[in-house]
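Asker: Pasting the sequence and the predicted coordinates here, then a few questions.
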Amino acid sequence: MSEQPLLVVDEGSVRTMTLNRPRARNAVDFALAAAIDEAITEYESRPDLRVAVLAANGPAFCAGMDLKAFLRGERPSTGRGFAGLVERPPGKPLIAAVEGAAVAGGFETVLACDLIVAAEDASFALPEVRRGLVAAGGGLLRLPARMPYHLAMEMALTGKRLTAQEAAGHGLVNRVVASGGALAAATELAGEVAACGPLAVVATKKIVQNAPGWPAEEAFDRQRELSEPVRSSADAVEGARAFAEKRDPVWTGK
């Protein structure tokens with residue numbers, strides 16, 4: 001029996017999805033893309049799951065598209081785009097736990113996540129131009145919004161590799177940890193997010209993502225459309241009551 005391309009483990013309100021093609025440097029074929037899509041779709045549908053972590057087995061996080069599978073005629077995309085993720089990430093938070101290299105589509109998969117924890121041996125690159133290709137999996141769309149424009153352009157035009165420390169210096173990753181510690185640190189961060197009100201977290205993510213494209217004169221009205229239902233929720237009342245009673249809130253997502 002072949003290995004499962006994606007391992008999914010739920011612990012409490014945190015789902016961990018682990019790329020599991022280490023012999024192929026976790027390169028994405030259709031089976032892996034489909035598995036990620038399925039896992040994310042289920043994650044979004046389950047109110048008991050509040051945060052997801054994307055990790056990988058082996059020495060590399062992800063080498064991008066599986067070229068051998070591509071030559072066989074496979075396209076590693078689903079309705080969510082490349083890797084079952086990049087065009088339609090989940091509405092709930094997704095955290096990348098990166099060990100080793102995340103290059104090409106692997107880096108684009110990381111950029112589709114909301115938070116990034118990188119081991120000190122992690123590295124990031126969009127080398128497509130070196131092969132006469134375009135990084136069309138979201139890298140060129142997202143990278144200029146995550147780091148200074150001219151540095152993003154240098155990475156895109158030269159295929160330059162960025163170390164974890166360099167990425168942190170540019171604000172591209174949230175935390176750099178010791179080699180082998182990315183998943184543990186990402187899980188800890190996931191716990192911090194999961195402790196917050198789930199309705200508030202989803203609305204907050206949506207506002208942060210969409211606000212840059214809102215006309216200034218409409219921004220507060222559009223924000224109000226997302227924030228007022230949360231303000232009127234039972235969870236908002238519970239949050240205030242728990243604060244007054246000096247206890248942890250018990251969220252219901254209602």
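Answerer: Perfect, I can see it now.
Asker: Please put the alpha-carbon coordinates of the least confident helix or strand in the chain by mean pLDDT into PDB.
Answerer: One helix or strand of the chain scores below all others by mean pLDDT, DSSP states H and E: helix 67-71, with a mean of 88. Provided in PDB are the C-alpha atoms of helix 67-71 (Å, rounded to 0.1, in the frame of the first residue of the first chain):
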ATOM      1  CA  LEU A  67       7.700  17.500 -12.500                       C
ATOM      2  CA  LYS A  68       7.600  13.700 -13.000                       C
ATOM      3  CA  ALA A  69       3.900  13.700 -12.400                       C
ATOM      4  CA  PHE A  70       3.500  16.700 -14.700                       C
ATOM      5  CA  LEU A  71       5.300  14.900 -17.500                       C
END
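Asker: Check which element follows it along the chain.
Answerer: strand 77-78 (DSSP states H and E).
Asker: can you list the residues that contact that following strand?
Answerer: 30, 33-34, 37, 83-84 (C-beta atoms under 8 Å, 6 or more residues apart in numbering). Backbone N, C-alpha and C define where each C-beta goes, glycine included.
Asker: Also stretch 130-144?
Answerer: 81-83, 86-87, 104-105, 107-109, 111-112, 126, 128-129, 152-153, 155-156, 159.
Asker: What ranges does this structure have for its helices?
Answerer: Under the criterion DSSP state H, the chain carries helices at the ranges 30-45, 67-71, 105-111, 139-146, 149-158, 164-169, 182-194, 198-210, 219-231, 234-244.
Asker: burial of Ser233, as a residue count?
Answerer: By other C-beta atoms under 10 Å, the residues close to Ser233 number 20.
Asker: do the same with Asp221
Answerer: 10.
Asker: Tell me how far the least confident helix or strand of the chain lies from the chain's centre.
Answerer: 25 Å (C-alpha atoms, centre = their mean, to the nearest Å).
Asker: So for it, what gets flagged as buried?
Answerer: Ala69 (16 or more other C-beta atoms under 10 Å).
Asker: same thing with stretch 144-153?
Answerer: Those would be 144, 147, 151-152, for stretch 144-153 by 16+ other C-beta under 10 Å.
Asker: Can you lay out the residues you listed as CSV showing pLDDT and distance to Ala219?
Answerer: Putting those into CSV (pLDDT from 0 to 100; distance: C-beta to C-beta, whole Å) gives the following:
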residue, pLDDT, distance to Ala219
Pro144, 95, 21
Met147, 94, 24
Leu151, 95, 28
Ala152, 96, 25
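Asker: just those residues now: which is nearest Lys246?
Answerer: Met147 (41.1 Å; C-beta to C-beta).
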